[in-house]
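Novice: below is the structure, and that's it, no one-letter string:
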(Lines give C-alpha, C1' and ligand atoms only; values in the text may rest on other atoms or scores of the structure.)
Protein backbone atom coordinates (compact mmCIF):
# COMPACT_ATOMS: atom_id res chain seq x y z
CA UNK A 1 0.00 0.00 0.00
CA UNK A 2 1.07 3.56 -0.68
CA UNK A 3 -0.11 6.56 1.32
CA UNK A 4 -0.38 10.10 0.00
CA UNK A 5 -1.33 13.47 1.46
CA UNK A 6 -4.84 14.55 0.41
CA UNK A 7 -4.75 18.22 -0.63
CA UNK A 8 -8.01 18.52 -2.58
CA UNK A 9 -11.45 16.92 -2.47
CA UNK A 10 -14.38 17.64 -4.75
CA UNK A 11 -17.76 15.91 -5.02
CA UNK A 12 -19.44 15.91 -8.44
CA UNK A 13 -22.88 15.14 -9.84
CA UNK A 14 -24.91 14.51 -6.71
CA UNK A 15 -28.57 15.36 -6.24
CA UNK A 16 -27.91 17.72 -3.32
CA UNK A 17 -24.76 19.41 -4.64
CA UNK A 18 -23.88 19.79 -8.33
CA UNK A 19 -20.16 20.15 -7.80
CA UNK A 20 -18.58 21.22 -4.55
CA UNK A 21 -15.03 21.72 -3.44
CA UNK A 22 -14.79 20.55 0.15
CA UNK A 23 -12.33 22.56 2.25
CA UNK A 24 -9.98 20.14 3.97
CA UNK A 25 -8.46 20.39 7.41
CA UNK A 26 -6.34 17.29 6.71
CA UNK A 27 -6.52 14.02 4.83
CA UNK A 28 -4.88 10.90 3.44
CA UNK A 29 -5.30 8.79 0.33
CA UNK A 30 -4.24 5.15 0.37
CA UNK A 31 -3.65 3.16 -2.80
CA UNK A 32 -4.40 -0.42 -1.77
CA UNK A 33 -2.25 -1.77 -4.66
CA UNK A 34 -4.53 -4.77 -4.91
CA UNK A 35 -4.71 -4.90 -8.71
CA UNK A 36 -8.29 -3.60 -8.56
CA UNK A 37 -7.48 0.16 -8.51
CA UNK A 38 -8.91 0.35 -4.97
CA UNK A 39 -8.34 3.51 -2.94
CA UNK A 40 -9.23 4.62 0.59
CA UNK A 41 -9.72 8.32 1.27
CA UNK A 42 -9.86 9.80 4.76
CA UNK A 43 -10.80 13.46 4.93
CA UNK A 44 -10.96 15.68 8.00
CA UNK A 45 -13.52 18.38 7.22
CA UNK A 46 -15.91 20.89 8.75
CA UNK A 47 -18.99 19.67 10.64
CA UNK A 48 -21.20 21.57 8.19
CA UNK A 49 -20.79 18.53 5.88
CA UNK A 50 -22.13 16.08 8.50
CA UNK A 51 -25.72 15.86 7.12
CA UNK A 52 -24.49 15.27 3.56
CA UNK A 53 -22.10 12.45 4.48
CA UNK A 54 -24.46 10.89 7.05
CA UNK A 55 -27.09 10.63 4.32
CA UNK A 56 -24.63 8.77 2.09
CA UNK A 57 -23.23 6.46 4.78
CA UNK A 58 -26.81 5.31 5.36
CA UNK A 59 -26.97 4.31 1.67
CA UNK A 60 -23.94 2.01 1.21
CA UNK A 61 -24.78 1.20 -2.41
CA UNK A 62 -24.68 4.87 -3.45
CA UNK A 63 -21.56 5.80 -5.38
CA UNK A 64 -20.21 9.34 -5.36
CA UNK A 65 -17.97 10.68 -8.08
CA UNK A 66 -15.09 12.36 -6.27
CA UNK A 67 -12.04 14.17 -7.52
CA UNK A 68 -9.03 13.84 -5.24
CA UNK A 69 -5.82 15.77 -5.51
CA UNK A 70 -2.80 14.24 -3.81
CA UNK A 71 0.57 15.56 -2.66
CA UNK A 72 0.41 19.10 -4.08
CA UNK A 73 -2.44 21.32 -5.31
CA UNK A 74 -0.99 21.61 -8.81
CA UNK A 75 -1.38 17.86 -9.48
CA UNK A 76 -4.22 16.72 -11.74
CA UNK A 77 -7.12 15.35 -9.67
CA UNK A 78 -7.88 11.62 -9.87
CA UNK A 79 -11.48 10.58 -10.52
CA UNK A 80 -12.75 7.99 -8.09
CA UNK A 81 -16.16 6.35 -7.74
CA UNK A 82 -16.55 5.92 -3.99
CA UNK A 83 -19.00 5.01 -1.26
CA UNK A 84 -19.01 6.54 2.21
CA UNK A 85 -17.91 3.83 4.64
CA UNK A 86 -17.76 5.76 7.91
CA UNK A 87 -18.37 9.21 9.35
CA UNK A 88 -16.89 10.02 12.76
CA UNK A 89 -17.90 13.19 14.55
CA UNK A 90 -15.01 14.82 16.39
CA UNK A 91 -14.92 17.90 18.65
CA UNK A 92 -14.56 20.49 15.90
CA UNK A 93 -14.77 18.52 12.66
CA UNK A 94 -15.73 15.19 11.10
CA UNK A 95 -13.62 12.38 9.70
CA UNK A 96 -15.04 10.81 6.53
CA UNK A 97 -13.81 7.47 5.18
CA UNK A 98 -14.48 6.79 1.50
CA UNK A 99 -13.73 3.52 -0.29
CA UNK A 100 -13.58 3.59 -4.05
CA UNK A 101 -12.11 2.65 -7.38
CA UNK A 102 -10.04 4.81 -9.67
CA UNK A 103 -11.93 5.68 -12.86
CA UNK A 104 -10.22 5.61 -16.24
CA UNK A 105 -9.26 9.03 -17.54
CA UNK A 106 -11.04 10.20 -20.65
CA UNK A 107 -8.73 11.69 -23.27
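Specialist: Yep, that arrived. Please read these numbers as outputs of a predicted model, since none were measured by experiment. Residues are numbered from 1 along each chain as shown.
Novice: quick one, phi psi at residue 88?
Specialist: With angles defined as degrees, to the nearest 10, residue 88 sits at phi -120, psi 120.
Novice: so which elements touch the helix or strand of the chain with the lowest mean pLDDT?
Specialist: Here the helix or strand of the chain ranked lowest by mean pLDDT, DSSP states H and E is strand 19-21, holding a mean of 83. Secondary-structure packing of strand 19-21 (3 or more Cβ pairs under 8 Å, 6 or more residues apart in numbering; DSSP states H and E): strand 2-12. For glycine as for every other residue, the C-beta is placed from the backbone atoms N, C-alpha and C.
Novice: without its sequence neighbours, what residue ends up closest to residue 21?
Specialist: residue 10 (5.0 Å; Cβ to Cβ, 6 or more residues apart in numbering).
Novice: relative to residue 57, how far out is residue 91?
Specialist: 20 Å (Cβ to Cβ, to the nearest Å).
Novice: okay, those two: which has more neighbours?
Specialist: Comparing residue 91 with residue 57 by other Cβ atoms under 10 Å, the one with more neighbours is residue 57, at 17 against 5.
Novice: elements contacting the helix or strand containing residue 85?
Specialist: If you go by DSSP states H and E, residue 85 is part of strand 78-89. If you count contacts as 3+ Cβ pairs under 8 Å, 6+ apart, strand 78-89 packs onto strand 38-45, helix 50-57, strand 64-70, strand 94-102.
Novice: same question for it: list its buried residues.
Specialist: Across strand 78-89, burial judged by 16 or more other Cβ atoms under 10 Å covers 78-80, 82-85, 87.
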